[in-house]
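Engineer: Coordinates for the following, if possible.
(one chain, ligands or ions: 2)
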Amino acid sequence: MNCIFCKIITGEIPSYTIYEDEFVKVFLDINPDSNGHMLIIPKKHVLDITEIENEIWNHLLDVTKNMKSLLEEKLKIDGLTLIQNNGVIQEVKHFHLHLKPYYKEGQDLLPVEEIYNKLKEL
Ligand code: AMP
Ligand code: ZN
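Structural biologist: Residues are numbered from 1 along each chain as shown. Ligands and ions are numbered 1, 2, ... in the order given. Just a heads-up that it's a prediction; the model follows:
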């Protein structure tokens, strides 16, 4: 299957991976709307909200909560918007949840690599 997110899972396409386990992978959006914009995807290829299994959805929610904490700690975000596109507005046809940070003072959009380094700092 010619799916870019499946290729990110196998490592065929590189990504700024923030977290992964048996079921999901989290990486930085290559064209972010804000600093720390992440995508959470299931490792099993499914299209959208109709196809995702409830167990995986629950797990995605747990991971999302952990990522929210990470963003608060490392990037000092003030808000977070979750978006999951379906149908014609879904560009990549592999389920993904967007996590888009909000900064009340605004922000300069930094290179994705710089944000990756901040999130990976111990
Ligand atoms: P959408 O399908 O419209 O919900 O959004 C797809 C998202 O995937 C966009 O925000 C893209 O910037 C992002 N994207 C596409 N290719 C990559 C990639 N190779 N690595 C990281 N993010 C990507
Ligand atoms: Zn896929």
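
Engineer: Counting neighbours, what do you get for Glu12?
Structural biologist: Neighbourhood size, Glu12 [other Cβ atoms under 10 Å]: 9. In this view, the C-beta of every residue, glycine as well, is placed from N, C-alpha and C.

Engineer: For the chain, what lies in contact range of ligand 1?
Structural biologist: Ile4, Ile13, Ser15, Phe27, Asp29, Ile30, Asn31, Leu39, Asn85, Gln90, Glu91, Val92 (Cβ under 6 Å from any ligand atom).

Engineer: which stretches of the chain form strands?
Structural biologist: Along the chain, the segments classed as strands by DSSP state E run 17-20, 24-28, 38-42, 79-83, 97-102.

Engineer: beta partners of the spatially most central residue of the chain?
Structural biologist: For the chain, the residue nearest the mean C-alpha position is Leu39 (1.5 Å; Cα atoms, centre = their mean). Beta-bridge pairing of Leu39 under DSSP bridges involves Phe27, His98.

Engineer: Ok, which of the strands of the chain comes nearest Ile49?
Structural biologist: Closest to Ile49 of the strands of the chain, according to Cβ to Cβ: strand 97-102, at 10.0 Å.

Engineer: Name the residues that touch that closest one?
Structural biologist: With Cβ atoms under 8 Å, 6 or more residues apart in numbering as the test, strand 97-102 has contacts from 29, 33-41, 60, 64, 67-68, 71, 75, 77-85.

Engineer: Buried residues in that strand, which are they?
Structural biologist: Buried residues in strand 97-102, counted by 16 or more other Cβ atoms under 10 Å: Leu97, His98, Leu99, Lys100, Pro101.
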